[in-house]
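[1] A predicted structure for the sequence below; I have some questions about it.
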Amino acid sequence: MTSTTNGTHRRAPTATAVGRADTRLVVIRGNSASGKSSMAQGLRDHYGRGLAIVGQDVIRRNVLREHDTARGANIALLGRIAREALNAGFHVVLEGILYADRYGHMITSLVGDHPGVSRCYYLDVPLEATLVRHASKEDAAYLAHVTDSHLVSWYRELDLLPDGLETVIPADSTLQDTVARILRETELAPASPIPPPPYKPSQGDAMNPLVLMSDPRVAAIPVRECGEPLVDVRDHGFRVDPRKHDPLGAFAHVREGVLARLEHARSLLPAGTDLLFIEGYRPLTLQQRYFTEYRDELATAHPDWTPEQLHQGASRYVSPPEIAPHSAGAAVDVTLVDQDGHELDLGTRVNASPEESDGACFTHAPNLSDHARHHRTLLLTAMEGAGFTNYGTEFWHFSVADRYDALTKQEPHARYGPTELP
């Protein structure tokens with residue numbers, strides 16, 4: 001474990017690491033009626049979507065309806081839910097009485113496995129103040145069910161976790177002050193529009209003008225097939241859109257190395273944002289059909305174009321079959337969604353042609369709203385950070401280790417060539 005100057009704990013990744021370096025874990029403990037739930041809700045109100053509240057009472061009392069014992073099933077379930085939420089890119093607030101002798105191992109393991117910032121807080125409210133707060137609650141049914149005698153029997157004074165893991169919050173700290181302190185110490189910014197990352201030209205921009213798939217230099221790149229198998233992304237927890245589904249499920253396959261880079265790209269996205277996988281592998285016969293159909297559309301719209309012009313024009317939107325990254329299992333079509341699975345605005349729909357979108361399908365099209373450009377920058381930054389190359393006429397298309405990627409990166413050869421499902 002390392003510490004920043006403000007005392008914020010950052011854990012080095014472990015073999016069982018959960019979450020990411022940019023996710024935040026907040027643990028709030030204290031006796032009944034100490035304000036834990038209000039504190040957690042206050043953090044969500046300030047931060048907004050992307051922050052998950054994992055409440056002990058919800059799981060133990062409402063979901064499982066079990067007594068709080070040292071062998072309670074809720075202990076492992078709370079830890080599992082927190083881990084899954086962190087892995088999905090959420091910030092997590094774990095709150096409850098969470099007695100140290102029963103829940104301490106689960107909490108310390110969770111903190112130890114989290115590579116991002118983790119902070120634990122204990123709300124220290126004297127028994128007398130606890131009873132006063134309890135009596136002020138407006139839920140008559142709850143007051144009838146939970147009496148002062150219950151609170152006295154449950155109360156533990158300074159039931160702290162070992163090794164000084166917790167920050168003690170005194171009873172005179174207001175809700176507003178405590179929420180502000182936790183936001184500050186965990187580096188959780190209040191909910192507000194996120195400024196886009198600084199613009200960095202994509203790898204494809206370095207080749208001016210934009211190199212199309214039909215460029216002879218792409219086809220001239222030799223392929224030294226590495227033999228990596230195709231794998232199904234649906235077996236690895238990705239959000240997969242069914243719009244390109246085929247009977248064999250070919251669309252959901254990519255090379256093994258491409259899958260690893262997709263997982264890396266996913267980890268680079270901000271909390272509350274995720275990849276939506278639309279299409280990967282595309283059989284050569286299907287690629288040929290797409291290319292021919294679009295070329296024929298252009299021929300109808302532009303009867304004066306030569307065969308060479310039609311070939312180049314079609315390659316803006318569909319790769320020529322002989323060098324298609326999709327048919328090598330090297331390319332993916334992806335976009336962004338929020339944590340509820342709703343697609344974010346990236347300016348135009350995925351797979352919109354230049355004619356349909358008035359050119360907005362081009363990655364750096366000028367006719368985009370600030371909102372759409374921000375989302376495109378997030379996608380481009382994550383995918384290129386994981387080693388992918390974007391095809392500049394399609395904001396959603398990325399590939400790696402194919403001929404186009406090799407040319408862009410000035411590699412001597414490609415590692416993925418045309419392949420087939422086993």
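    Ah, there it is. Numbering: from 1, shown residues only.
[2] To which secondary structure element is E263 assigned?
    According to DSSP states H and E, E263 maps onto helix 256-267.
[3] Beyond that helix, next helix or strand please.
    In the C-terminal direction from helix 256-267 (assignment by DSSP H and E), the next one is strand 273-279.
[4] Strands of the stretch 101-250 of the chain, residue ranges please.
    Secondary structure of the stretch 101-250 of the chain (DSSP state E, counting those that start in this stretch): strands at 117-124, 166-170, 230-232, 239-240.
[5] how distant is the helix ranked longest in the chain from the center of its chain?
    Secondary structure of the chain read by DSSP state H shows that its longest helix is helix 284-301. Helix 284-301 sits 35 Å away from the centroid of its parent chain (Cα atoms, centre = their mean, to the nearest Å).
[6] buried stuff in that helix?
    Using 16 or more other Cβ atoms under 10 Å as the test for burial, helix 284-301 gives 284, 286-288, 290-291, 294-295, 297-299. From N, CA and C alone the C-beta is placed, and that goes for glycine too.
[7] May I have it exported as CSV, CA atoms only?
    Extracted in CSV, the C-alpha atoms of helix 284-301 (Å, rounded to 0.1, in the frame of the first residue of the first chain):
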residue,chain,number,x,y,z
LEU,A,284,-15.1,-13.4,-46.5
THR,A,285,-18.3,-14.1,-48.4
LEU,A,286,-20.2,-11.6,-46.2
GLN,A,287,-17.5,-9.0,-46.7
GLN,A,288,-17.7,-9.5,-50.4
ARG,A,289,-21.4,-9.0,-50.4
TYR,A,290,-21.2,-5.8,-48.3
PHE,A,291,-18.5,-4.3,-50.6
THR,A,292,-20.4,-5.2,-53.8
GLU,A,293,-23.7,-3.9,-52.6
TYR,A,294,-22.2,-0.5,-51.5
ARG,A,295,-20.2,-0.2,-54.7
ASP,A,296,-23.4,-0.9,-56.7
GLU,A,297,-25.2,1.9,-54.8
LEU,A,298,-22.4,4.3,-55.7
ALA,A,299,-22.6,3.2,-59.3
THR,A,300,-26.3,4.1,-59.4
ALA,A,301,-25.7,7.4,-57.7
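[8] Need the pLDDT of the residue most central in space within the chain.
    For the chain, the residue nearest the mean C-alpha position is D274 (3.7 Å; Cα atoms, centre = their mean). According to the prediction, D274 has pLDDT 94.
[9] from memory it sits against T335, does it?
    No - with contact defined as Cβ atoms under 8 Å, D274 does not reach T335; the gap is 10.1 Å.
[10] hmm, back to that, for the strands of the stretch 101-250 of the chain, state which one has the densest average packing.
    Most buried of the strands of the stretch 101-250 of the chain, by mean neighbour count (mean count of other Cβ atoms under 10 Å): strand 117-124, with a mean of 22.
[11] Other residues contacting that one?
    Contact with strand 117-124 is made by 8-11, 24-31, 34-36, 39, 107, 110-111, 158-161, 165-171, 178, 182, 185-187, as judged by Cβ atoms under 8 Å, 6 or more residues apart in numbering.
[12] residues contacting A70?
    101-102 are the contacts of A70 under Cβ under 8 Å, 6+ apart.
[13] err, T273, not the other one
    89, 336-339, 344, 378.
[14] Would you format these as JSON lines with distance to N74 included?
    Formatted as JSON lines, the contacts of T273 follow (distance: Cβ to Cβ, whole Å):
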{"residue": "G89", "distance to N74": "24"}
{"residue": "L336", "distance to N74": "34"}
{"residue": "V337", "distance to N74": "31"}
{"residue": "D338", "distance to N74": "29"}
{"residue": "Q339", "distance to N74": "24"}
{"residue": "L344", "distance to N74": "35"}
{"residue": "L378", "distance to N74": "36"}
